Each structure stands twice: as structure tokens, then as C-alpha cells.
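Participant: The sequence and its predicted three-dimensional model are supplied below.
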Amino acid sequence: MRWWPRSLRWQMLAGLVLLEVLSIALFVALLVRQQAHEVHERMLQRLAHQVNSMALQSAEALQQQRNSWVGLSVKMMGEAPSVTFAKVTDPAGNILYVSQGEAEQMVLDAAERAQIRLIKPTESTVFVFGNGRWEGVRAILAGGQVRGYAWVETDRAWDFQELDSILRSTLVFGFIWIAASALLVLLMARSISRPLAELHRGTRALMNSPEESGNFPLPVTVHNEIGDLVEAFNRMVASIAEQRSGLNDTLSLLDSMLANAPIGLAFFDRRCRFVRVNQVFAELTGVTLSRHLGRTVLELLAQPVAQQLEDTVLGVFKTEEPVRNLELSGQGGRNGRPWTWLISAYPVRTNPQQVRWVGVIAIDASERKRSEEALRKTEKLAATGRLAASIAHEINNPLEAITNLLFLLRNFSGLEDPALNYVMMAEHEARRIAEITQQTLRFYRQSTLPTRANMADLLDSVLALYTGRLHNLNIVVERRYDAAMDLFCFSGELRQVFANLVGNAIDATASGGRLLVRARRSRNWRFAEQEGVRFAVADTGSGMEPEVSKRIFEAFFTTKEVTGTGLGLWVSHEIILKHRGLVHVRSKPALDGELSGTVFQIFIPDEAEPAESVNAPASQT
């Protein structure tokens, strides 16, 4: 807290003053509450007494037929310091006498009139009306009949004058008490703060000039725990001075290595505690540099990496031989991805007979591992693509011959109807095989220049590739697109995008699900002036969690474990960006029997020349 004082003396003073202010405030609150209650009770009793007195005086005056005495009684009651206003009315509520002003010009308030029917002849009534005004009323009985009513309104300010006086006296006492306590605390804190200030001065001197010994030992002026602390500090300074001469060279060399090495460096003692680390090593572990010192490997790193590193360090202490290129791997870390370190450990000797520390060199090989794995996956995919294209090419030639033979057999052999139907079915299936091989070749032999392509044919060709899987899983396909709609694009690359989306939708959809493929003319949802085609691929599959949905376009991120490469949606995303397109993803995971599924919406602008790249990333939700 920046507002809290840093000095011990002022902290004690501020704490005491705060405590006493709170205590006095609580006492004042309780006192005011109690006194206010007593003032209220006295006001009610006084008001009842005043109105009874005025009613009795008025009744006596009326019995003696001296009506002027009634007015005199009202005037006298109005002059009382606790009375704001007094008046007498007839039984109907018409004002006859008032303590101030003219009676003919005044009338009862509506709240006062409402009290007339509630007044009991033998009792006085006190009530509140208006803005907190208190008034008492009593019937005037003369000869056993109600001849009128006596009204007295109290002065609330007069009631609280005594309360204000008590409050002022309490506050004056509180200020005097706080001042006296503060003076006492300042005197007591001085005996504590003076030796602490001396200890602080010595500490700063040790920090600024460790080699200067003229300021030590510090004088011990008190004989208590603080004095013991000063003596312990003096012994510590003497011990540091004794060790400094033998450690200067080692520390200089170590500091130079730690400051300039582009690799992670750490040094351990025989208990596997961190002695020194550099910033690079702290970044590898994800723990701040200051938290390493004095802690063990098991306290900072996760298992089993911590155990492997500890065994390595202890092994170097035991054998006094270095260990090189030990590979440590783990999951998580700063970015949540798998990581790999290459560790080398070597003994550090302060004399030829003893290994004092073990130094560890850590190199982050995570990117290299990921690059090697990505290269292997890419090479597998490329080899698979070449193999598929070669097979499709080789199948295409004999397939043409089979198609021609079936055509000749159907038209020139004179077969009967049953056999002719079988030939026609075989010819139909052969054409299907030919179409599939052509689609496979289109994926491999993509055009290098954009052309205007028919979107219905493109989407139909993609769905034709998955006809078998869709039929086996009993997935209902809904196609909603215009047969004549076209788009200026790289048709082969867009075919790859929709093949990835449809394939993922089939993988996520259980038997009996639905798959919707839609395309229509639309406008950019960010820039309404840009026209193009909006595609949608929706399924009723298992959906995705929000954490998964945020990472689906990352390279090598996959939830399919062994069967996935993590490249399909990443490549699709790059193709969409190449066309200056946008992608919007909505997904709801299956929870408690609710409907689930995923919707990919893609907008591709219909431009004359799609750009090779864009700066704005595709949106996703």
C-alpha cells in the first residue's frame, strides 16, 4: 500500500491512531444511539405533559367562563423553549387560539385533522406529521363534554442540543487521548527504530561497497532481540569477508558466462539445489530467476523431468564425469506444447580434489523436433499424394478400355434384357470409377492460374468422393446450391478445402446424422460492398470445446491422435486467405443430451484476380 508509511515509527503511530479513531468512532456511535433514544423518550414525556397541562388549564378557564384565559395559556405555552407552536381548536378542528399569528388565518393540516377521530377523551396522543414534526394533542373536557382540543408542537432542535454538547465533549476528549497516545508511541518507537536504522545503514553500506570494512562491526546499543540481530549481522559480514577472497575469481567467470551465454546455464550443489541460473534457463523452465536460488529441482520442475535431471546431477557428483546430450522431453510449459531439451552436465571444481558444483547446459530443441516431425509428416503426405496420383493415372487407362468394351457389348452384341441391364449397371459403375480417378488427379494436378469454375460441379465432385462413407454411415446429405453458380478462383485448391471440411464433418458425425452443404451469392460480412459466394458446411456431429475451436487452424494441432496430421485445416485456412476470404466457425459440444454440431461458413470474394496472400487473419468463433 503506497499510502502506508514505510518507517517503523510512523507505522506504529499510524496503526495506533487508526485503532483509537475506530474505537472512539464506535464509542461515539453507541453513545449517540443511546442518548438519542433517551432524548426521544424525554421528548415524548415532555410533550404529553405540556399538552395535558394546556388542556387542563383551558378546561378550567372554560368552566369559569373566562375564555380569554385560554388564549393566555396558549401564548404562555408557545413561549416555552421546547415548543415550536401551540394552538386550541373546537371539536370540529377550527382553530380558536394560536401562540403565534392570527387564528382566523390558520387551518389544521390534513394529518392533524386525521388525528381528531383517533383522540381518546382521557388520554393525550403524540404523533408525527409533515417532515418529521412531532405534535401532541389532548381533548379539553369541561362539564363532561369535549369542548375542543389542545395542540402542542415540539422543537426538535432544542431536544438535540444536549446530545450535541455530549458529542462535542466526547470528541475533544478523543483528540486529547489520541495526541497523548501518539506522543507515548513516538517515545517508545524511538528505542526500537534507532538500532534498526543503524542496521539498515550497515546493510546499505554492505550493498554499496562490500569491500569496505570501515563501517563494521555495527555498534550494539540495546540488549534485546534487536541487539541479537545486530550481532548476528556483524558475524555474517565477517563470514562474507572471509569467503570473498576465494570466490572472486570463480564468481567473475561464472557471472560472465551467465550474462553472455545464449544457452541455458544452471549450477547445483550436492543437495541438487540451484546455486546460480541465467535468464535463458529461467525462460526454459517458465519460473522467474529469483525463485530458482536455494530450491531443489523437484520443487520447481514437474515429474518425471525433475527426477531425470536430479539423477543426472547426482551421477556427475558421484562419478565426477560429464554427461553429454541427454534428451529430456515433457508436455506443457509456457505455450502448452510438447518440448525437448538437450542437457549436458559437467563437474565444477574449486580445487583438484573436490567437485563443489555441477553445471548444466540446457538447449531448447523443441522447434527442431517439431520441424523434423513436420518434415516427416509432410514427406509422408507428399509420397501418399504422388502414389495416389500414379495409381489413379494407371487405373485410368485400362478403365477407358473397359468402358469402351461395355459400350460395344451393350450396342452390338444383341443381348437380352436381363443381360443388357447388367451391362448397363457395369457401365454406370465404371463411369463412377472413372470420375473418382479424375477427381483424384484434379487434387494432384491443380492449376497455377485462377479460372471461373462452376461451384455446383466442384461441390458435387467432392461429395462424390465420400459417397461410400456417407452411405455406410447412413448420413443424410442436404445440398443447397444453384447449379449455374460460378466463381473466379483456384478451383483445385477450393476442392481441397471442401474435401477437408466434408471429411472432418463425416469423422465427427455418428451414424444417422445430417450433413448440410450450402452455397449462395452473398456479401462480405465485414465489408458489405464486396460481393462473392458464401459457403456453409454444417454437421450434427460431436462438436468442439471452446479450447479446441480456438486452435483448429494451428499447424500440426489435431484431436484425431494417430490418424490425424494437423495439417488439413491449416492448409485450408491458408487457401482461404489466398483467396482474400473469411471463415467463421461455430461449434457446440454434446452435453447432457443436447443437440450438438459444427458449422463452417466461408466467404470467397468474386474478384478478377485472387491475391496470393492477405494480412488480415480469418475470423473464427
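Facilitator: Nice, thanks for sending it over. Numbering: from 1, shown residues only.
Participant: Could you list everything F129 pairs with in the sheet?
Facilitator: R133 (DSSP bridges).
Participant: ok, now which ones touch it?
Facilitator: Residues in contact with F129 (C-beta atoms under 8 Å, 6 or more residues apart in numbering) are D109, A111, E112, E135. (C-beta placed from N, C-alpha, C; glycine too.)
Participant: buried sites along stretch 28-47?
Facilitator: Buried residues in stretch 28-47, counting neighbours by 16 or more other C-beta atoms under 10 Å, are found at V32, Q35, V39, M43, R46, L47.
Participant: Let me know the closest of those residues to L183.
Facilitator: L183 lies nearest to V32 out of those, by C-beta to C-beta, at 28.4 Å.
Participant: With adjacent residues omitted, what lies nearest to the closest one?
Facilitator: In this structure, V32 finds its nearest non-sequential neighbour in L167, 6.4 Å apart by C-beta to C-beta, 6 or more residues apart in numbering.
Participant: Report the contact partners of the one you found.
Facilitator: Per C-beta under 8 Å, 6+ apart, neighbours of L167: V28, L31, V32.
Participant: State the pLDDT value of the nearest residue to F488 once chain neighbours are set aside.
Facilitator: What sits nearest to F488 in space, not counting adjacent residues and going by C-beta to C-beta, 6+ apart, is R452, at 4.9 Å. If you check R452, the pLDDT there is 90.
Participant: Assess the claim that R452 and F490 are in contact.
Facilitator: No - taking C-beta atoms under 8 Å as the definition, R452 is not a contact partner of F490, at 11.3 Å.
Participant: more crowded one of these two?
Facilitator: More neighbours surround F490 than the other of R452 and F490, with 20 against 11 (other C-beta atoms under 10 Å).
Participant: Count the residues that sit near the nearest residue to that one once chain neighbours are set aside.
Facilitator: In space, and not counting its chain neighbours, F490 is closest to P450: 5.2 Å by C-beta to C-beta, 6+ apart. When neighbours are counted by other C-beta under 10 Å, P450 registers 18.
Participant: buried subset of the contacts of F129?
Facilitator: Using 16+ other C-beta under 10 Å, the buried ones in the contacts of F129 are E112, E135.
Participant: Could you tell me how many residues sit around G294?
Facilitator: For G294, the neighbour count with other C-beta under 10 Å is 11.
Participant: make that F27, sorry
Facilitator: Residue neighbour count, defined by other C-beta under 10 Å, stands at 13 for F27.
Participant: my guess is it meets F173, correct?
Facilitator: No - judged on C-beta under 8 Å, F27 makes no contact with F173 at a distance of 9.8 Å.
Participant: picking up where we left off before, parallel or antiparallel, list what pairs with the host helix or strand of the residue nearest to F488.
Facilitator: Using DSSP states H and E, R452 sits within strand 451-454. Strand 451-454 has the following sheet partners, assigned by DSSP bridges: strand 486-489 (antiparallel).
Participant: helices or strands up against the following helix or strand past the partner strand?
Facilitator: Using DSSP H and E, the helix or strand that follows strand 486-489 towards the C-terminus is helix 491-508. Where contact means 3 or more C-beta pairs under 8 Å, 6 or more residues apart in numbering; DSSP states H and E, helix 491-508 is packed against helix 417-444, strand 451-454, helix 455-465, strand 514-523, strand 531-539, helix 568-578, strand 597-605.
Participant: and helix 491-508, average pLDDT?
Facilitator: 88.
Participant: Stretch 20-34 too?
Facilitator: pLDDT averaged over stretch 20-34 gives 84.
Participant: cool, and stretch 364-384?
Facilitator: pLDDT averaged over stretch 364-384 gives 71.
Participant: quick one on the thing from earlier: which member of the contacts of L167 is positioned nearest E104?
Facilitator: Looking across the contacts of L167 and measuring by C-beta to C-beta, the closest to E104 is V32, at 43.3 Å.
Participant: Now do the phi/psi pair for the closest one.
Facilitator: phi -60, psi -40 (degrees, to the nearest 10).
Participant: switch to numbering from 669
Facilitator: Done: numbering now begins at 669, and the last item shifts to V700.
Participant: That one contacts L831, correct?
Facilitator: Yes - assessed by C-beta under 8 Å, V700 is found in contact with L831 at 6.8 Å.
Participant: shared neighbours of these two, which are they?
Facilitator: Contacts common to V700 and L831, judged by C-beta under 8 Å, 6+ apart, are absent.
Participant: So what's the residue count around the residue nearest to V1130 when sequence neighbours are not counted?
Facilitator: Ranked by C-beta to C-beta, 6+ apart and with sequence neighbours excluded, the top spatial neighbour of V1130 is F1166, at 4.7 Å. A count of nearby residues for F1166, using other C-beta under 10 Å, gives 22.
Participant: which among the contacts of L835 gets closest to H891?
Facilitator: Using C-beta to C-beta, V696 is the member of the contacts of L835 that lies nearest H891, at 42.9 Å.
Participant: The closest one: which element?
Facilitator: Going by DSSP H and E, V696 is part of helix 676-731.
Participant: what mean pLDDT would you report for whatever helix or strand comes next after that helix?
Facilitator: For helix 676-731, the succeeding helix or strand toward the C-terminus, using DSSP H and E, is helix 735-746. If you average the pLDDT over helix 735-746, you get 85.
Participant: what angle sits between the helix or strand that comes right after helix 735-746 and helix 676-731?
Facilitator: As assigned by DSSP H and E, the chain's next helix or strand after helix 735-746 is strand 751-757. Going by axes from the mean of the first three to the mean of the last three C-alpha atoms, to 10 degrees, strand 751-757 is angled at 20 degrees with respect to helix 676-731.
Participant: any idea how far L681 is from the residue nearest to V1130?
Facilitator: As judged by C-beta to C-beta, to the nearest Å, F1166 and L681 stand 76 Å apart.
Participant: Can you report phi and psi for F1224?
Facilitator: phi 70, psi 10.
Participant: Enumerate every residue touching the residue lying closest to it once chain neighbours are set aside.
Facilitator: Distances taken as C-beta to C-beta, 6+ apart place G1234 nearest to F1224, at 3.9 Å, with adjacent residues excluded. Residues in contact with G1234, defined by C-beta under 8 Å, 6+ apart, are E1222, A1223, F1224, F1225, T1226.
Participant: In the stretch 819-968 of the chain, mark out all the helices, start to finish.
Facilitator: With helices called from DSSP state H, counting those that start in this stretch, the stretch 819-968 of the chain shows them at 824-827, 829-876, 893-928, 947-953, 957-960, 965-968.
Participant: Which other helices and strands does the third one contact?
Facilitator: Packed against helix 893-928 by the contact rule (3+ C-beta pairs under 8 Å, 6+ apart) you find helix 829-876, strand 932-936, strand 942-945.
Participant: Recalculate using a threshold of 7 Å.
Facilitator: Counting contacts by 3 or more C-beta pairs under 7 Å, 6 or more residues apart in numbering; DSSP states H and E, helix 893-928 is packed against helix 829-876.
Participant: One more: the fourth one?
Facilitator: Helix 947-953 is packed against strand 932-936, helix 957-960, strand 1022-1032, with contacts defined by 3+ C-beta pairs under 7 Å, 6+ apart.
Participant: The first one pairs with which strands?
Facilitator: With DSSP bridges as the test, strand 932-936 is paired with strand 942-945 (antiparallel), strand 1022-1032 (antiparallel).
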